[in-house]
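J.: sequence and computational prediction follow.
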Amino acid sequence: RRVYFVSSMEPQATSDAPKSKIELSFECKHLANKDVLSKSDPQVWVELETSARTFKLLGKTEMVKDNLNPKFTQTIQLDYFFERVQRLRITVWDIDADDKDAIGSIECNVGDIMGSRGVIERELVPAGSTKGKAGKIIVRASEVLDGSTSILFDVNGRKLDKKDFLGKSDPYIKIYRTNKDGTTSLVHQTETKMNTLDPVWQPFRVPLHKLNEADPERPIVFEVFDWDKVGSHDLIGVASASLAALTSGTTSLPLINAKKQKKKGSSYTNSGTLNFTKIESVQEPTFNHFILAGTEINVMVAIDWTGSNGHPSNANSLHYRSNTQPNQYVSAILAVCDILAAYDSDNRFPVYAFGALRKRVTHDVLNIGPDGQEVLGVQGIVNAYYATLDDKNTSLDGPTNLGPMIDEAASRARALKGNESDVMSYLVLLILTDGDVSDQKNTIDSIIAATNLPLSIIIIGVGDDNFDFMEKLDGDDQALVGSDKRKAQRDIVQFVPFRKFRNSAEDLAAEVLHEIPHQFMEYVKLRNIPAPPLPSAQILEQARIKREAMQREL
């Protein structure tokens with residue numbers, strides 16, 4: 001099978017944004033016949049929309065002669081960015097000897113395909129010369145596995161040197177990659193086994209590219225240390241071997257302590273041995289795999305309804321409803337939720353306000369959906385927001401307490417958690433706020449308590465206020481620590497000020513969403529969740545029918 005690959009550089013992504021490659025394959029049904037004496041000779045062309053709003057050709061399938069129901073073998077690969085809108089135009093042409101004639105086309109986002117378990121089936125929009133129906137096209141996406149292989153190690157030590165005066169040793173291993181220039185880089189450190197000379201460490205995995213840059217002959221260095229509570233740790237010994245050697249019969253390595261060897265001379269044998277009971281290559285699950293297997297990204301929206309926004313009737317208010325352009329709240333909702341909606345099959349979203357005064361009661365958590373229900377579609381979120389602005393029984397108040405809203409999201413995420421062995425739904429809480437937080441301690445504690453749940457929190461700061469506390473919540477540099485000294489198990493918060501991207505909704509969405517795949521996979525690793533099987537044809541058909549029904553409702 002031939003693969004047509006073009007690296008799509010449009011639209012541009014942030015430099016550290018996770019990306020991966022996917023492969024698109026195509027099938028058509030009941031195509032319109034454009035030839036008089038035979039059947040059409042169809043070929044699929046795929047184009048990607050650029051930042052200039054023009055379409056650039058990515059690739060073409062082969063031409064299939066005399067066939068109105070072709071299955072194309074030639075696929076097209078492209079870089080997939082979860083956090084970006086990637087608009088495709090897919091056209092089916094009838095290829096003649098000296099000309100081509102368009103049969104029909106569709107436009108869709110890459111996210112539409114991925115969020116539909118990797119399969120969409122659409123009616124082709126007839127080209128100008130096509131009479132009647134143009135036929136259908138089926139587009140399938142699959143993951144191109146690249147760099148997701150890890151090496152699983154099962155290691156124990158035997159007869160290690162005794163380093164502690166009143167005990168044995170407390171050994172742990174540091175594992176280093178040997179770089180091309182001869183230096184080494186630490187790639188993994190095991191847990192410490194207390195008071196033993198025959199430790200058995202927990203099995204661990206190291207990504208292959210991290211271990212030896214996929215060079216099986218590159219030496220891997222193992223340093224075994226004795227952990228000390230006070231002072232520096234003591235070196236027990238060092239061993240090295242290539243992955244090729246370790247996987248072709250070398251199951252035990254002597255640990256050598258150079259200083260002890262020099263001191264004892266020929267009487268020195270080793271300082272113990274490292275024994276490898278298992279070394280195997282494993283394919284790590286990826287974010288794309290979970291999405292293609294049917295994992296959904298659910299969205300919950302929380303909007304700041306505090307008085308510091310300014311009265312909505314004032315043109316300087318952050319909630320001002322202009323006739324010419326959406327305010328920052330609406331712009332942020334559209335930019336982020338338009339992308340995430342593709343990964344939620346029912347397109348129903350809970351929408352909340354915090355700091356709102358309704359019927360003389362201040363609410364930290366106020367459901368503003370019609371009758372407290374979830375809204376349908378992204379436009380439903382905007383409609384609920386505008387309806388609440390117009391509601392004479394609801395007004396801006398305060399304070400800005402985020403803890404209760406995060407607790408509400410955690411409660412929803414806990415309900416999604418379901419079976420500990422899978423993660424079929426993951427919740428993203430989108431918080432839109434204009435300034436500082438009143439319950440800072442409670443907010444941090446709520447975030448830390450939620451780090452073991454299928455939940456990510458996106459905070460977009462609207463307006464020009466000080467957002468120093470929000471920057472602290474975005475724990476990229478160091479883990480959050482709660483009032484009880486507990487640490488966050490993983491980073492689940494991403495903060496972005498709207499003002500930084502006020503001229504580009506696409507860049508705003510890319511900035512706030514690019515950490516979601518990484519945060520999702522950190523949750524998978526934390527819960528040790530195995531990769532789910534890809535769906536059967538029957539499940540795909542059921543999902544397609546469900547999504548088409550939802551689209552009709554929208």
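T.: In hand now; what should we look at?
J.: where do the helices sit along the protein?
T.: With helices called from DSSP state H, the chain shows them at 110-114, 208-212, 243-246, 258-264, 287-292, 328-340, 377-390, 403-417, 440-450, 468-473, 505-513, 516-526, 537-553.
J.: out of those helices, which comes closest to Lys278?
T.: In terms of Cβ to Cβ, the element of the helices of the chain nearest to Lys278 is helix 243-246, at 10.6 Å. (C-beta placed from N, C-alpha, C; glycine too.)
J.: so what does the closest one touch, helix or strand wise?
T.: Packing contacts for helix 243-246, counted by 3 or more Cβ pairs under 8 Å, 6 or more residues apart in numbering; DSSP states H and E, involve strand 273-283.
J.: quick one: strands adjacent to the strand it packs on?
T.: strand 149-158 (antiparallel), strand 252-254 (antiparallel) (DSSP bridges).
J.: which of the ones you listed is buried the deepest?
T.: strand 149-158 (a mean of 18; mean count of other Cβ atoms under 10 Å).
J.: quick check: mean pLDDT of that strand?
T.: For strand 149-158, mean pLDDT is 93.
J.: gap between it and the chain center?
T.: Its chain's C-alpha centre and that of strand 149-158 lie 28 Å apart, by Cα atoms, centre = their mean, to the nearest Å.
J.: any chance of a markdown table for the strands paired with strand 273-283, columns distance to Ser232?
T.: Below are the strands paired with strand 273-283 laid out as a markdown table (distance: least, Cβ to Cβ, whole Å):
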| stretch | distance to Ser232 |
| --- | --- |
| strand 149-158 | 20 |
| strand 252-254 | 24 |
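J.: closest one to Lys472 among the ones you listed?
T.: Nearest to Lys472, of the strands paired with strand 273-283 and by Cβ to Cβ, is strand 149-158 at 33.0 Å.
J.: show me the contact partners of the closest one.
T.: Strand 149-158 has contacts (Cβ atoms under 8 Å, 6 or more residues apart in numbering) with 171, 173, 190, 197-201, 203-208, 211, 224, 243, 255, 272-284.
J.: return the per-residue confidence for the residue nearest to Arg490 when sequence neighbours are not counted.
T.: Nearest residue to Arg490, sequence neighbours excluded (Cβ to Cβ, 6 or more residues apart in numbering): Glu522, at 4.5 Å. On the pLDDT scale, Glu522 is placed at 90.
J.: with the one 5 residues further on instead?
T.: We note a pLDDT of 85 for Arg527 in this prediction.
J.: quick check: the gap between it and Ala409.
T.: 18 Å (Cβ to Cβ, to the nearest Å).
J.: shaky segments in the stretch 301-450 of the chain?
T.: Along the stretch 301-450 of the chain, segments meeting pLDDT under 70 span 418-423.
J.: dihedrals phi and psi, Gly369?
T.: Main-chain torsions, Gly369, degrees, to the nearest 10: phi -70, psi 160.
J.: can you get me a residue count around it?
T.: Neighbourhood size, Gly369 [other Cβ atoms under 10 Å]: 21.
J.: got the contact list for it?
T.: 350-351, 375, 380, 384.
J.: so which of those residues is the closest to Cys28?
T.: Gly380 (34.1 Å).
J.: hmm, the closest one is touching Phe349, no?
T.: Yes: counting by Cβ atoms under 8 Å, Phe349 is a contact partner of Gly380 at 6.9 Å.
J.: related to what we said a few turns ago, redo the helices of the chain as JSON lines? Include mean neighbour count and distance to Ser51.
T.: Below are the helices of the chain laid out as JSON lines (neighbours: other Cβ atoms under 10 Å; distance: least, Cβ to Cβ, whole Å):
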{"stretch": "helix 110-114", "mean neighbour count": "23", "distance to Ser51": "15"}
{"stretch": "helix 208-212", "mean neighbour count": "19", "distance to Ser51": "30"}
{"stretch": "helix 243-246", "mean neighbour count": "16", "distance to Ser51": "42"}
{"stretch": "helix 258-264", "mean neighbour count": "11", "distance to Ser51": "57"}
{"stretch": "helix 287-292", "mean neighbour count": "23", "distance to Ser51": "24"}
{"stretch": "helix 328-340", "mean neighbour count": "22", "distance to Ser51": "15"}
{"stretch": "helix 377-390", "mean neighbour count": "19", "distance to Ser51": "22"}
{"stretch": "helix 403-417", "mean neighbour count": "19", "distance to Ser51": "33"}
{"stretch": "helix 440-450", "mean neighbour count": "20", "distance to Ser51": "35"}
{"stretch": "helix 468-473", "mean neighbour count": "17", "distance to Ser51": "29"}
{"stretch": "helix 505-513", "mean neighbour count": "21", "distance to Ser51": "8"}
{"stretch": "helix 516-526", "mean neighbour count": "19", "distance to Ser51": "22"}
{"stretch": "helix 537-553", "mean neighbour count": "13", "distance to Ser51": "28"}
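J.: so for Gln77, which of the ones you listed sits nearest?
T.: helix 110-114 (11.9 Å).
J.: ok, and what's touching the closest one?
T.: Residues contacting helix 110-114 (Cβ under 8 Å, 6+ apart): 22, 24, 78, 80, 82, 85-86, 88, 119-120, 139-141, 288, 291-292, 339, 342-343.
J.: what about 7 Å?
T.: With contact meaning Cβ atoms under 7 Å, 6 or more residues apart in numbering, helix 110-114 is reached by 80, 86, 88, 120, 139, 141, 291-292, 339, 342-343.
J.: and the least confident of these?
T.: Checking pLDDT across these, the minimum falls on Leu292 at 87.
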